Each structure stands twice: as structure tokens, then as C-alpha cells.
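Peer 1: Need a 3D model of the following:
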Amino acid sequence: MKLEQKLEQKLKQIATFWSTAVLEMARHKDTEVQVIIAPDDLIETLDEHNIQLQSMAAMGRAVEFFKNEIQQWQKVLGCIEGVMGILLTVQRAWAALEAIFLGSQDIRAQLPDDTKRFENIDADFKGTMEDIFSVKKVVTVCQVDAREKALEVMYKELEVCQKALTEYLDMKKNVFPRFYFVSNMALLDILSNSNNPVKIMPHIGAVFDGIDHLVFATPKLLEGGEDEDAKKEPPREASAMVSKDGEDVPF
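Peer 2: All right, here's what the predicted structure looks like:
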């Protein structure tokens, strides 16, 4: 097969793939937001096609007839690479912070300015993902005017939120160093349930090595009968600790 025929065939394969390539999307956890999933094959094909186009462009006069088409596809794939890269980065950062800034009352109270900042980013991100979900076609999604720039702005704002969150958690760890033994997500769960010790039991083994859980006493009722408010209160007084080996140590 002549060189020209091989080049034409490769360019046709590239054009066919990207004319039909679509993003696979699904709902993020319990939200209504559609996010991109499993883009590994897409990114792998993108890298492969970029390498093929670079090889073609390096042939010089041998590919003069296809020069414009090669350059055009290099521009298109370069755009896809740039937008997909920042889009997936923003999506990961948003997914890591979404439950924290929107679901943790402790964080909302302690970091009100950053919570407001995240709410604005959240609205922009959801709008972008709605637009992407309505199209899904990779080339169309990535060639929207100023999309890459808008995503870069979102990421910078997300970095500000992440920095504020990290500083807040570091402050808590400095106050009580055993918090360094748990992940940030676990620490957030502990802080958000500080008034309900029963809910933080899944993390106590990481904070205090050797302890599996605490045994909590039932809230005491007022003399003269049952007190409805007392029954609704979560238990806060521990009567014993139980080791990971099952040893029960009464207080």
C-alpha cells in the first residue's frame, strides 16, 4: 500500500472515531448532577491519535497533500486534550468538596465565606454539566467558546475552598493530635457529629488504637416519670470501653 493511501486511511479512522465519540455519564451519588465516568479508553485513544498525527506531520513533503487536514486534526485534538484535562480535574475537586461544603453544618458554620464561594462554583459546575449532558459529543463539548477558560477559573476557586478546608482541619489536628490518624473525610464526619458520640464510633478505632467502641448509658429520665425530651437526646455518657479483642472495661 502506498504511503498516501496509508495516511488517508489513518486520517479517515481518526475522523470516524471523533465524529461519533461521546462521553459516558451517570448521576453523582445521591445528587441529580450527571458526571463523566470511565473516560480512560477515550483518553488512551486521544493520546494514540495525537502521536499518529505528530508522526505524519514530521514526514515533511511526503504528506504535503494532507498537511492542512493533519493540522486541523491536531488543533481539534489539542482542544479536546486541554478541555478534557481541566474538566476531569474540576470534576474530581468538586466531587471531593460537594458533600463537605453542602452537607456539613459544621463546615458551613466555621467557613461561611468559603461555603458561599463553593455554592457559586457549584451552580456554575452544575450548569456546565447540564450543557455537556445535553450534547455528550466530545468534539462539540470541547469546542464551546471559552469553556476551557471558564473551567480554569472554577478550579482556581475550588483550590481556594480546598486550602481553607485544609487549614481548618489542620487547626483541629493541632488541638487534638490524634486526629492525624484519621482521614480528612473521617475527621469531618467526627466534627459534624460532635453532639452525637454514637455516630462517631466507626472512627474511634483509628483515633484510639485498640478501642473498638464505647458503651453508652441510656439518658437518665427525670424523677416522676418519663421525659420525652430526655428520650430523644442521643446518649453522651459512656459506661465502658470495648477493645478490638472484645475486652470490656467498665468506667
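
Peer 1: just for the stretch 151-251 of the chain, where's the confidence low?
Peer 2: Applying pLDDT under 70 to the stretch 151-251 of the chain picks out residues 219-232.

Peer 1: Kindly recompute the last result at 90.
Peer 2: Scanning the stretch 151-251 of the chain for pLDDT under 90 picks out 184-185, 188-197, 199, 217-237.

Peer 1: Name the nearest residue to W94, ignoring sequence neighbours.
Peer 2: F125 (5.2 Å; CB to CB, 6 or more residues apart in numbering). C-betas here are computed from N, CA, C, even on glycine.

Peer 1: Next: V144.
Peer 2: Per CB to CB, 6+ apart, closest to V144 is D131, 7.5 Å.

Peer 1: Quick check: which element contains that neighbour?
Peer 2: helix 112-135 (DSSP states H and E).

Peer 1: Which other helices and strands does that helix contact?
Peer 2: Helix 112-135 is packed against strand 34-36, helix 67-103, helix 147-175, with contacts defined by 3 or more CB pairs under 8 Å, 6 or more residues apart in numbering; DSSP states H and E.

Peer 1: Serialize the ones you listed to TSV and add fields for mean neighbour count and distance to F118.
Peer 2: As requested, these are exported to TSV (neighbours: other CB atoms under 10 Å; distance: least, CB to CB, whole Å):
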stretch	mean neighbour count	distance to F118
strand 34-36	19	17
helix 67-103	17	4
helix 147-175	16	5
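
Peer 1: Format these as a markdown table; extra columns: distance to N196.
Peer 2: As requested, the helices and strands packed on helix 112-135 are exported to a markdown table (distance: least, CB to CB, whole Å):
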| stretch | distance to N196 |
| --- | --- |
| strand 34-36 | 31 |
| helix 67-103 | 15 |
| helix 147-175 | 18 |
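
Peer 1: From H203, how far out is the residue nearest to V144?
Peer 2: For D131, the distance to H203 equals 39 Å [CB to CB, to the nearest Å].

Peer 1: Pick out whichever of these two has more residues nearby.
Peer 2: Neighbour tally, D131 and H203, criterion other CB atoms under 10 Å: the higher count belongs to H203, 19 against 12.

Peer 1: Enumerate every residue touching that one.
Peer 2: Residues in contact with H203 (CB atoms under 8 Å, 6 or more residues apart in numbering) are V182, A186, D189, I190.

Peer 1: The residue nearest to it when sequence neighbours are not counted: neighbour count?
Peer 2: Of all residues not flanking H203 in the chain, A186 sits nearest, at 4.8 Å (CB to CB, 6+ apart). Neighbourhood size, A186 [other CB under 10 Å]: 16.

Peer 1: Give me the angle between the helix or strand harbouring A186 and helix 147-175.
Peer 2: Assigned by DSSP H and E, A186 falls within helix 184-192. Relative orientation of helix 184-192 versus helix 147-175 (axes from the mean of the first three to the mean of the last three CA atoms, to 10 degrees): 60 degrees.

Peer 1: Give me the distance from the helix or strand following helix 184-192 to the chain's centre.
Peer 2: With elements assigned by DSSP H and E, the helix or strand that comes after helix 184-192 is helix 201-207. Computed by CA atoms, centre = their mean, to the nearest Å, the chain-centroid distance of helix 201-207 equals 24 Å.

Peer 1: Okay, E148 and M84: tell me how far apart.
Peer 2: For E148, the distance to M84 equals 10 Å [CB to CB].

Peer 1: other SSEs contacting the helix holding A186?
Peer 2: helix 105-110, helix 147-175, helix 201-207.

Peer 1: what's the closest of those helices to I37?
Peer 2: For I37, the closest of these is helix 147-175, at 17.9 Å, according to CB to CB.

Peer 1: how much space between the nearest residue to K199 once chain neighbours are set aside and S19?
Peer 2: With sequence-adjacent residues excluded and distances taken as CB to CB, 6+ apart, K199 is closest to N193, at 4.0 Å. Applying CB to CB, the value for N193 to S19 is 51 Å.
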